[in-house]
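Undergrad: Sharing a model prediction with you, sequence too.
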Amino acid sequence: MWDQNRHNAGPASRPVEDFGQYCRSIPDFPKKGIIFRDITCLLKNGPVFKRAIDEMAWHYNLQKVDTVVSIEARGFIIGSALAYRLGSGLVPVRKKGKLPWRVYRKTYDLEYGQDELEVHQDGIEPGQNTLIVDDVIATGGTVEAVAKLIGEMGGNIIGAAFLIELTDLNGRDKIKDIPIFSLTKF
């Protein structure tokens with residue numbers, strides 16, 4: 001049961017736990033000059049992981065979320081738990097060739113090249129309220145591609161939720177029309 005009074009207090013009037021303290025920073029991974037934000041310390045701590053998912057779910061508890069659209073691979077962890085907490089369906093978005101049925105596909109740019117994402121053609125019904133979920137938003141290219149897929153399928157994107165936002169990479173700029181919730185920022 002959701003605590004309605006807690007929600008009515010508003011985000012600015014309540015303390016939010018610093019979940020960044022449970023993320024490990026690994027320099028020069030996967031290549032020199034990159035600082036990798038590792039969420040495995042947060043995930044392995046059951047009470048912390050539960051509080052993180054509860055906090056994300058609390059943010060959307062007054063909205064109707066029909067479907068959580070989660071992005072391969074770590075996004076599946078966050079998206080599955082969040083969909084369960086919200087009582088929503090879950091639609092996985094995968095890399096090319098991983099889904100067994102008819103798919104819609106979107107090509108997107110990476111720092112060095114391109115990749116493709118796919119979703120089952122019956123994954124989202126027109127008009128369904130969808131929430132995009134991933135572990136991290138960095139440059140925003142992956143989320144932008146997913147948003148385009150959802151739009152082409154007629155889904156109504158109500159927001160995008162992330163454990164971590166890497167603010168210096170300006171991922172928000174690629175999805176300006178989508179409300180973003182980030183649990184922690186680096």
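TA: Thanks, I have the structure now.
Undergrad: Count the neighbours of the nearest residue to residue 139 once chain neighbours are set aside for me.
TA: On the basis of CB to CB, 6 or more residues apart in numbering, the spatially nearest residue to residue 139 that is not a chain neighbour turns out to be residue 169, at 5.0 Å. Heads up, the C-betas are built off the backbone N, CA and C, glycines and all. The local packing of residue 169 (other CB atoms under 10 Å) involves 14 other residues.
Undergrad: so what's residue 169 up against?
TA: Residue 169 makes contacts with 138-140, as judged by CB atoms under 8 Å, 6 or more residues apart in numbering.
Undergrad: So it versus residue 61, what's the distance?
TA: The gap separating residue 169 from residue 61 is 29 Å, by CB to CB, to the nearest Å.
Undergrad: Need the distance between the two termini of stretch 118-131.
TA: Terminal residues of stretch 118-131 are spaced 17 Å apart (CA to CA, to the nearest Å).
Undergrad: quick one: contacts of it?
TA: Contacts of stretch 118-131 from elsewhere in the structure, counted by CB under 8 Å, 6+ apart, are 60, 63-69, 82, 86, 88, 91-99, 101-106, 146, 149-150, 153-161.
Undergrad: Pull out the buried residues from those.
TA: With burial judged by 16 or more other CB atoms under 10 Å, the buried subset of the contacts of stretch 118-131 is 60, 65-69, 82, 86, 88, 91-94, 99, 103-104, 106, 146, 149-150, 153, 155, 157-161.
Undergrad: Please export the C-alpha coordinates of the helix of greatest length in the chain as PDB.
TA: Ranked by residue count under DSSP state H, the longest helix found in the chain is helix 46-60. Taking Å, rounded to 0.1, in the frame of the first residue of the first chain, the C-alpha atoms of helix 46-60 are listed here in PDB:
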ATOM      1  CA  GLY A  46      19.100  -6.500  -0.700                       C
ATOM      2  CA  PRO A  47      17.700  -3.800   1.600                       C
ATOM      3  CA  VAL A  48      19.400  -1.000  -0.500                       C
ATOM      4  CA  PHE A  49      18.200  -2.500  -3.800                       C
ATOM      5  CA  LYS A  50      14.700  -2.700  -2.300                       C
ATOM      6  CA  ARG A  51      14.800   1.000  -1.200                       C
ATOM      7  CA  ALA A  52      16.100   2.100  -4.600                       C
ATOM      8  CA  ILE A  53      13.300   0.300  -6.400                       C
ATOM      9  CA  ASP A  54      10.700   1.600  -3.900                       C
ATOM     10  CA  GLU A  55      12.000   5.100  -4.400                       C
ATOM     11  CA  MET A  56      11.700   4.800  -8.200                       C
ATOM     12  CA  ALA A  57       8.200   3.300  -7.900                       C
ATOM     13  CA  TRP A  58       7.100   6.000  -5.500                       C
ATOM     14  CA  HIS A  59       7.900   8.600  -8.100                       C
ATOM     15  CA  TYR A  60       5.400   7.000 -10.500                       C
END
